[in-house]
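1. Build me a structure from this.
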Amino acid sequence: MPILEIDKMKVQTKWQEIKDKAWQKTKAAVRWIEENPEAVGFILTAGTIAAGGIKKVCNTISRQNALRQERYNKERYIYDRSLGMYLHTRRPLTNRDFERISMRRKKGERLADILYSMGILD
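-> Numbering: from 1, shown residues only. A predicted model of the protein is given here:
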């Protein structure tokens, strides 16, 4: 029966494999840059332009998302001073709903009670 000598065996972990591959790719990239110095300027220029475009797209998407969230919050949340909290509605309120609410508020009802009776609260 053969005896295995573990001291001579090289056990390589997954992390070590990833590090070795990254090191090999880095060395290959450096070698390519040394062989093609004229292409480096083009790559840097194209990379800068692409990064600027990506940044602009990300900023636009972020701004649109923030505006969409703000519009949703304005349409769906109503502040009730008597309770001191925001109330979430099922749907955006119409002008007719606001008229009914203002009439009932003048009679002295609480906003939460009005919205609950109208079936608007979520």
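2. low-scoring stretches of this structure, by residue?
-> Low-confidence segments of the chain, defined by pLDDT under 70: 1-12.
3. domain ranges for it?
-> Per automatic domain parsing, the structural domains of the chain span 21-72, 76-118.
4. tell me the most buried of those?
-> domain 76-118 (a mean of 13; mean count of other C-beta atoms under 10 Å). Quick note: C-beta positions are derived from backbone N, CA and C, even for glycine.
5. which element follows the helix or strand hosting residue 68 toward the C-terminus?
-> Per DSSP states H and E: residue 68 is located in helix 37-76. Counting by DSSP H and E, the next helix or strand C-terminal to helix 37-76 is strand 77-80.
6. Can you tell me what sits against that next one?
-> Residues external to strand 77-80 that are found in contact with it (C-beta atoms under 8 Å, 6 or more residues apart in numbering): 85, 86, 87, 88, 89, 93, 110, 111, 112, 115.
7. From residue 95, how far out is the first one?
-> In this case it means residue 85. According to C-beta to C-beta, to the nearest Å, residue 85 and residue 95 sit 25 Å apart.
8. The second one too?
-> Using C-beta to C-beta, one obtains 21 Å as the distance from residue 86 to residue 95.
9. returning to that earlier point: farthest-separated two in the contacts of strand 77-80?
-> Distances among those were taken as C-beta to C-beta; the most separated pair is 85 and 93, at 17.3 Å.
10. about what we covered before: save the domains of the chain as JSON lines, and put in distance to residue 13 too.
-> As requested, the domains of the chain are arranged in JSON lines below (distance: least, C-beta to C-beta, whole Å):
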{"stretch": "domain 21-72", "distance to residue 13": "13"}
{"stretch": "domain 76-118", "distance to residue 13": "51"}
